[in-house]
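Novice: quick one, what's the 3D model for this:
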Amino acid sequence: MHVVVVGCGRVGSGLAATLEAQGHSIAVIDRRPEAFRRLPEDFKGHKVLGVGFDRSRLQEAGIDQAGALAAVTNGDNSNIVVARVAREAFQIERVVARIYDQRRAAIYERLGIPTVATVQWAIERTLRRILPDTGGVEWIDPSAKICLVERPVPEGWAGSPMLDLEMPGTARLAGLTRLGMSLIPTPGLVAQEGDVVWVTVAGDSIDTFDRHLSAGPEGGHH
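Specialist: Residues are numbered from 1 along each chain as shown. Prediction:
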């Protein structure tokens, strides 16, 4: 798939590199030539100098053949304008805009424009919008305070109470898939090898939860 990334800052350059590594063709637009230095030395995508809401620059970036666009500059207004131009003028279905103001992000979400609100989770959430089959963080709220993640249960947890996977104030079990069946965890449920769990996690604590999961019941936080 061809993807247009508008903005070559930390998020844009990281997103472009990740998408290219996954085999997609990429075009990056930025108004500052020095911004392209953030891209990997072996980046093979197209670099377009200019503003992202300029239709001629978007066309130079291949918007007519694009399957997705991410507007991730450091300006809320620019990102929204770019997202609307891509959606309305070029009929790009997969469009996402980065918004710094969380209140505005919530408004645009309600208007049907997917948004991302922080550097830390922007790349993963944008990837989820552009590539729905990508793993990792499954959902994140506009303020980036709460995430939903899917994780296989390590063998070391087999035989332990399923709810022991939780971390008070940090992670709560939302659901479980076992042998192709989905369940709502109950207090008496015991973990089995092959289980996959859905967990709501504080946005800044995913690494903490992953360490807890890897440590097993003996090394977990109880």
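
Novice: and for the closest residue to residue 9 other than its chain neighbours, the neighbour number?
Specialist: Leaving aside its sequence neighbours, residue 9 sits nearest to residue 74 (Cβ to Cβ, 6 or more residues apart in numbering; 6.1 Å). Bear in mind the C-beta positions are built from the backbone N, C-alpha and C, glycine included. Other residues near residue 74 number 13, with proximity taken as other Cβ atoms under 10 Å.

Novice: one more: residue 56?
Specialist: 9.

Novice: for this protein, which spans come out with low pLDDT?
Specialist: 102-103, 106, 109-111, 116-129, 131-138, 140-144, 219-222 (pLDDT under 70).

Novice: counting neighbours, what do you get for residue 85?
Specialist: 21.

Novice: and the residue in the chain sticking out farthest from the centre, how far from residue 204?
Specialist: What lies farthest from the middle of the chain is residue 188; by Cα atoms, centre = their mean that is 33.7 Å. Residue 188 sits at a distance of 32 Å from residue 204 (criterion: Cβ to Cβ, to the nearest Å).

Novice: cool, residue 6 as well?
Specialist: Counting by Cβ to Cβ, the separation of residue 6 from residue 204 is 27 Å.

Novice: the two - which one has more neighbours?
Specialist: residue 6 (31 against 14).

Novice: give the contact list for that one.
Specialist: 12, 28-30, 52, 69-73, 78-79, 82 (Cβ atoms under 8 Å, 6 or more residues apart in numbering).

Novice: just say helix, strand or coil for the residue nearest to residue 9.
Specialist: coil (DSSP: H, G, I helix; E, B strand; the rest coil).

Novice: surely it is in contact with residue 7?
Specialist: Yes - taking Cβ atoms under 8 Å as the definition, residue 74 is a contact partner of residue 7 at 7.1 Å.

Novice: domain parsing for this structure?
Specialist: 2-134, 146-215 (automatic domain parsing).

Novice: quick revisit: so what's the residue farthest from the centre of the chain closest to, chain neighbours aside?
Specialist: The nearest residue in space to residue 188 (Cβ to Cβ, 6+ apart) is residue 161, at 7.8 Å.
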